[in-house]
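**Student:** Sharing a model that was predicted from the sequence below.
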Amino acid sequence: MASITTKPALVTLRQLLSEIRRQSSTPKLTENDTVKYILDQYRKYQTTDQQLCKAADEMHYRAKTYKEYLSNSRKYKEINAEYKGKGERSVEETANMVGFKLPHDPK
């Protein structure tokens, strides 16, 4: 990764900001402290094309990892809310939840 403007770094940054936007309670991303910190770190580890810097690759790796963490934690919350135990369910509700039909239902 040569600089923040390279395609992989920019794509990762946009994906990361998108995940933060989905989970943020603040209306503007510019007011979010997490976004400010991430942008500062991206600028800090920005390099030119003539330099070889492991820190830039490390920053890209960390950004991808954090993006995956945010994405997967959001998906976990959605799945947990959908399938969370609601006490006893009837056989019909359970069959509908997993996509089966009961024998007496017409196909």
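**Tutor:** Yep, that arrived.
**Student:** Pull the number of nearby residues for Leu10.
**Tutor:** Residues lying near Leu10 (other C-beta atoms under 10 Å) number 14. C-beta: built from backbone N, CA, C; applies to glycine.
**Student:** Spell out for me which residue occupies the centre of this protein.
**Tutor:** Closest to where the C-alpha atoms of the chain average out (C-alpha atoms, centre = their mean) is Ser71, at 2.1 Å.
**Student:** State the distance from that one to Arg89.
**Tutor:** 30 Å (C-beta to C-beta, to the nearest Å).
**Student:** The residue nearest to the centre of the chain: what's it in contact with?
**Tutor:** When contacts are counted by C-beta atoms under 8 Å, 6 or more residues apart in numbering, Ser71 is found next to Glu19.
**Student:** in the chain, which spans are strands?
**Tutor:** In the chain, no strands are defined using DSSP state E.
**Student:** so where do the helices sit in it?
**Tutor:** Along the chain, the stretches classed as helices by DSSP state H are 7-23, 33-44, 54-83, 91-98.
**Student:** closest one to His104 among those helices?
**Tutor:** Taking C-beta to C-beta as the criterion, helix 91-98 is the member of the helices of the chain that comes nearest to His104, at 9.9 Å.
**Student:** If we go by neighbour counts, what in the closest one is buried?
**Tutor:** Neighbour-count burial for helix 91-98, with 16 or more other C-beta atoms under 10 Å as criterion, is recorded at no position.
**Student:** can you list contacts of it?
**Tutor:** Residues from elsewhere that reach helix 91-98 (C-beta under 8 Å, 6+ apart): Tyr83, Arg89, Lys101, Leu102.
**Student:** please redo it, this time with the cut-off set to 10 Å
**Tutor:** Defining contact as C-beta atoms under 10 Å, 6 or more residues apart in numbering, one finds that helix 91-98 is touched by Glu82, Tyr83, Lys86, Glu88, Arg89, Ser90, Phe100, Lys101, Leu102, Pro103, His104, Asp105.
**Student:** Now do the contacts for the fourth one.
**Tutor:** It stands for Glu88. Glu88 makes contacts with Thr94, as judged by C-beta under 10 Å, 6+ apart.
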